[in-house]
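K.L.:
I'd like to go over a predicted model; first the sequence, then the structure.
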Amino acid sequence: MINLEKEIREQPAALSRVVENNLPVIRALVAKAKERGVKNVYFAARGTSDHACVYAQYLFGIFAGIPCTLGTPSVFTKYGAHVDLSDNLVIGVSQSGKAEDVLAVLESAKADGAITAAVTNNPDSPMAGCAEYHLFCGCGHEASIAATKTFTTQMTILGAIAAVWAGNDELLAALSSVGPKAQEMLDTKYDEIMAFAEAHQNIPGAILLGRGISYCIALEGALKMLETNKLKMKGYPTSDFHHGPIAQVKPGDLVFVLSPKGPTAGDSADIIAKLKNVEADIVVVTNDASEAPEGTTAVVLPDTGCEFTFPQIAVMFFQLLACCMTIVRGIDPDKAGVINKITITK
C-alpha cells in the first residue's frame, strides 16, 4: 500500500485520540489567554497548515467571537518589519515544526511578550521548542508528500481550542467523536470514489467551491488533487465565485460544490443553478442527499451530526479521490518531482 493511502487510513485512530491527548494543554493555554485579556488570535502557517487555520478562523469567530488574523510571515523574514503581537495569542502551525518563516513569527511574538503556541507533529522541532505551549498532532510519522492525517488533526486541535475558549461542550464533544465517522467514510465510500476516479481520470482539472466552514476544504481539496496528480485545480469561496471567476466555466467543466446542510446551503443552491445554466459537470459533496438537485452528481458522506465536523469527513473524500486518481493514472504520489515533504520557506 502506498504511503498516501496508508496515512489516509490512519486518520480515524488519530482523530479519536487527538483532543483528549491535548486537552490539558489546551485548557492551560485558554486560561492564560483569558487571564491576559487576549482579544485576537494571530496564525502563522503555510500550505496545508494555512488551510487548517482558515477552518479555525470560522470556529473562533462563530463560537468565541474572537477575530483571527492569517499572518504574513514574509513581513518578518523578507521585509524585516516588526509587528507588535504583544496582545495576541500567536499560533504557529506546521506539520514538521521546521518552517523557518513561521518560527520567525513565533520568535518575534515571544520577544514581544505574546502568548505563543505551536501545533506540530514533531515535539522535538524548533517550533515546539520555541513556543510556550506545544499541541501535538500525535498521528505518527507522515511520509507521504501530500499531508493528510496532520491536516485533520491540526484542524481538530485548533477547533478544540475554540471550543474550550467558548465553553462549548457540544462542539468539543463533536470534535472528540469524529473518529468513528471517519472510519465509516473509509469503510463505505472507497469503491464509489474509485469508480468516480476511473470515470474522470482524463480530466484536465476542476474547480472546488465552498462557503463558510467548508471553504477550507475547497482550498485543501484542490491542493491534494494538484500535488498528487498534477492537475490544474482551484478552490474558491462560493460567495466570491459569483463575482467574476464563474466566467471561466465552460460546458462540461468539472465543478465540486461542498454543500453541507446548514446556513450556507442556500448559497450552494444559488451557485449550482448558475453552473447548470452553463452546463457544467456538477458534483455536490454533502451530508444530505437533498442538497444535490436533479442534474448534479451527489456524493453523500457520513453525517457527523455537526456541521462543524463536516470538513474532517469532506477532506477525506478529496484525499481518497486524489489517491484513487493516482492509481488509475499510474502515478506514484510519493514521488512528486519538484515537491518535497518538508518545504522550508524563509
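P.N.:
Arrived safely, thanks for sending.

K.L.:
Show me the domain layout of this protein.
P.N.:
Domain ranges of the chain: 3-176, 180-329, per automatic domain parsing.

K.L.:
looking at those, which is closest to residue 335?
P.N.:
domain 3-176 (7.9 Å; CB to CB). C-beta here means a position set from N, CA and C on the backbone, and glycine is covered the same way.

K.L.:
what distance separates that closest one from the centre of its chain?
P.N.:
Put simply, domain 3-176 sits 12 Å off its chain's centre (CA atoms, centre = their mean, to the nearest Å).

K.L.:
ok, now stretch 285-297?
P.N.:
The mean C-alpha position of stretch 285-297 is separated from the chain mean by 22 Å, CA atoms, centre = their mean.

K.L.:
if we can go back for a sec, turn the domains of the chain into CSV, columns for mean pLDDT and mean neighbour count.
P.N.:
Compiled in CSV, the domains of the chain are given as follows (pLDDT from 0 to 100; neighbours: other CB atoms under 10 Å):
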stretch, mean pLDDT, mean neighbour count
domain 3-176, 97, 21
domain 180-329, 96, 20
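
K.L.:
As TSV, those with distance to residue 335 would be great.
P.N.:
Below are the domains of the chain laid out as TSV (distance: least, CB to CB, whole Å):
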stretch	distance to residue 335
domain 3-176	8
domain 180-329	10
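
K.L.:
can you give me the strands in the stretch 201-346 of the chain?
P.N.:
Per DSSP state E, counting those that start in this stretch, the stretch 201-346 of the chain carries strands over the ranges 205-210, 232-237, 254-258, 281-286, 297-300.

K.L.:
Nearest to residue 2, out of these?
P.N.:
strand 232-237 (20.1 Å).

K.L.:
other SSEs contacting the closest one?
P.N.:
When contacts are defined as 3 or more CB pairs under 8 Å, 6 or more residues apart in numbering; DSSP states H and E, strand 232-237 packs onto strand 205-210, helix 215-229.

K.L.:
So which elements touch the longest one?
P.N.:
Meaning helix 215-229. Applying 3+ CB pairs under 8 Å, 6+ apart, one finds that helix 215-229 makes contact with helix 47-59, strand 205-210, strand 232-237, strand 254-258, helix 310-329.

K.L.:
To residue 195, which of those lies closest?
P.N.:
helix 310-329 (8.8 Å).

K.L.:
packing partners for the closest one?
P.N.:
Checking 3+ CB pairs under 8 Å, 6+ apart, helix 310-329 ends up next to helix 3-9, helix 149-166, helix 179-199, helix 215-229.
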